[in-house]
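Asks: give the three-dimensional model of this entry:
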Amino acid sequence: MLTNRYAWLIALLFCSTSLVQVGRAEENLAPDGFKPLFNGQDLAGWHGMGHFDPRVLAAMSEEDRAKKRATDLEDVKQHWSVENGELVNDGHGVYLTTDESYGDIELLIDYKTVALADSGIYLRATPQVQIWDYTEAGGKWNIGADKGSGGLWNNSAGSAGKDPIALADKAFGEWNRFRIIQVGERTTVYLNGKLVVDHARMENFWSKRTPDDFAKEAPGSSNKANPLFRDGPIQLQTHGGEIRWRNVFVREISADEANKMLAAKHIDGYETAFNGKNFEGWSGPVENYAVINGNIKCKAGKGGTIYTKEEYADFAVRFEFQVPEGGNNGLAIRYPGSGDTAYVGMCELQVLDNNAPKYAKLDQRQYHGSAYGMVPAYRGYGRLPGEWNVQEVTVQGSKLKVELNGTVILDTDLGQVTEFMGGRPHPGKDRASGHFGFAGHSDPVQFRNVKIKRL
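Replies: The predicted structure is shown next:
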């Protein structure tokens, strides 16, 4: 009878343990639309890499990259483990890094850490969404720890997003939950349900330039955008104290969803400049364009510059555009109403299918987003031909900023430009006001949701 009693107790304990294990496993089950990055059992899908410039990694030979990964893997084995469905790091070693790269995403992740610890989440292999000891005893109030976790700590001093909007950390020993949304460079962070970063640009730590760097460049050649990489791995940082992770889920954001997110942010002050029905409020060769399904479309083989009847001095314009393969168009900025806007207006901002073979040998100042013939924009941030893009252009004085799909690709001052493509001057670049418009070049490029805000 005693033996049977013990058998019953052992069976009960086994059953209870099994239930606990099932419950822990369920902690790492992805919500609808998400996929798990951590399976709750092992490190499948991850490798090791510390604070390492991804550009240097890309320049290495395949053999050298393989050697580095093998060395980092040995380090992972020393400092990372899985316990009860939790990723555990002892505060040392290389960072756990996803095998896959990600661009526009929504990331959910839980963490629990200890006093004096310091950690973070690298996005696109770039530091970082900050995690640290927010108490005075942690000893880092002098560098912003008193404001709490979740900020883009490696952003420049005073920039949006560097410091969290709210203190949202839970007490040590409790689990914290991040929800991170990144579209282009634009990063939004919720910590424990509180908004701590609101649609701020995450700066590219790896390619920051100082004022001294700009001073060494030719006048007007500077493009200060230094955009974040278009994609890259997610990394979990190790930094001086134990940290545990669980419920690591990612959802990739489609181009259409990303466009809607970008178009909906910071819309105060914008007014509709195109009604989606006809060319009321516009001038120029409007017969060369058509309104189709609410979009302005340049007719194939036609073109010319159509423009708003209103003039603007300082303004921001936000719109969506779609280029066909090999498509070419432009934005007329402070256009006087006649002539070639690239020269008689403040500038023409290029709209182009950058990857078309026929454009492979253009001057760098002719690619998408560039101030045509004057300052080149960064390339690689446009969507595929036939897909819609969101772009915002800000014009203040002689300064121009172009944000494409959430990433700033041009940030320059045309007032400083003294060198021009082909040596051809741009007499209109110092214009203080003018019309906004579209400069068609015979291709069926389309525009929609055109909104303008006076500054």
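
Asks: measure stretch 275-287 end to end?
Replies: Length of stretch 275-287, first residue to last, CA to CA, to the nearest Å: 17 Å.

Asks: which residues are in contact with that stretch?
Replies: With contact meaning CB atoms under 8 Å, 6 or more residues apart in numbering, stretch 275-287 is reached by 273-274, 289, 291, 294-295, 302-310, 337, 435, 437, 448. Just so you know, the C-beta spots here come from the backbone N, C-alpha and C atoms, and that holds for glycine as well.

Asks: buried subset of the residues you listed?
Replies: For the contacts of stretch 275-287, a neighbour count by 16 or more other CB atoms under 10 Å gives the buried set as 273-274, 289, 291, 295, 302-308, 337, 435, 437, 448.

Asks: domains of the chain?
Replies: Using automatic domain parsing, the domain parsing of the chain gives 25-253, 265-454.

Asks: of all the ones you listed, which one is nearest residue 259?
Replies: For residue 259, the closest of the domains of the chain is domain 265-454, at 4.8 Å, according to CB to CB.

Asks: any idea how far residue 374 is from residue 335?
Replies: In this view, residue 374 and residue 335 are 16 Å apart by CB to CB, to the nearest Å.

Asks: of those two, who's got more company?
Replies: Just comparing residue 374 and residue 335: by other CB atoms under 10 Å the higher neighbour count belongs to residue 335, 29 against 22.

Asks: where does the stretch 151-300 of the chain have low pLDDT?
Replies: Residue ranges of the stretch 151-300 of the chain with pLDDT under 70: 209-221.

Asks: can you map out the strands along it?
Replies: Taking DSSP state E, counting those that start in this stretch to define them, one finds strands in the stretch 151-300 of the chain at 176-183, 186-191, 194-201, 235-236, 243-252, 271-272, 282-283, 289-292, 295-298.

Asks: name all residues that make contact with residue 45.
Replies: Counting by CB under 8 Å, 6+ apart, residue 45 makes contact with 37-39, 98-100.

Asks: among the residues you listed, name the buried ones.
Replies: With burial judged by 16+ other CB under 10 Å, the buried subset of the contacts of residue 45 is 37-38, 98.

Asks: filter the residues you listed down to just the ones in strands.
Replies: When DSSP state E defines the strands, the subset of the buried ones among the contacts of residue 45 inside them is residue 98.

Asks: how about the helices in the stretch 251-400 of the chain?
Replies: 255-264, 341-344 (DSSP state H, counting those that start in this stretch).

Asks: which strands or helices does the last one pack on?
Replies: Using 3 or more CB pairs under 8 Å, 6 or more residues apart in numbering; DSSP states H and E as the contact criterion, the secondary-structure elements in contact with helix 341-344 are strand 328-335, strand 347-352, strand 434-441.

Asks: neighbours of the nearest residue to residue 129 once chain neighbours are set aside, just the number please.
Replies: In this structure, residue 129 finds its nearest non-sequential neighbour in residue 121, 4.4 Å apart by CB to CB, 6 or more residues apart in numbering. Number of residues near residue 121 (other CB under 10 Å) recorded here: 23.

Asks: which ones are touching residue 121?
Replies: The neighbourhood of residue 121, defined by CB under 8 Å, 6+ apart, consists of 107, 109, 128-129, 131, 178, 180, 234-237.

Asks: for residue 352, same thing?
Replies: Listed by CB under 8 Å, 6+ apart, the contact set of residue 352 reads 323, 327-329, 359, 366-368.

Asks: what do you get for residue 437?
Replies: Contacts of residue 437 were listed using CB under 8 Å, 6+ apart, and they are 282, 284, 305-308, 331-332, 335, 341.

Asks: quick one: which of the residues you listed is nearest residue 246?
Replies: Residue 246 lies nearest to residue 331 out of these, by CB to CB, at 47.2 Å.

Asks: and the closest residue to the closest one other than its chain neighbours, what pLDDT?
Replies: Leaving out its chain neighbours, the residue that sits closest to residue 331 by CB to CB, 6+ apart is residue 349, at 4.1 Å. Per-residue pLDDT puts residue 349 at 98.

Asks: the one 10 residues further on now?
Replies: Among the per-residue scores, residue 359 holds a pLDDT of 97.

Asks: number of residues surrounding it?
Replies: Residue 359: 15 surrounding residues under other CB under 10 Å.

Asks: just to check, it is in contact with residue 367?
Replies: Yes - Residue 359 lies in contact with residue 367 (CB atoms under 8 Å); the separation is 7.5 Å.

Asks: ranges for the strands of the stretch 351-455 of the chain?
Replies: Going by DSSP E, counting those that start in this stretch, the stretch 351-455 of the chain shows strands at 389-396, 399-404, 407-413, 434-441, 446-454.

Asks: and of these, who's closest to residue 149?
Replies: In terms of CB to CB, the element of the strands of the stretch 351-455 of the chain nearest to residue 149 is strand 407-413, at 25.2 Å.

Asks: and the residue nearest to residue 284 when sequence neighbours are not counted, what does it touch?
Replies: Distance criterion CB to CB, 6+ apart; nearest residue to residue 284, sequence neighbours excluded, is residue 306 at 3.9 Å. By CB under 8 Å, 6+ apart, the residues touching residue 306 are 279, 282-286, 288-289, 296, 437-438, 440.
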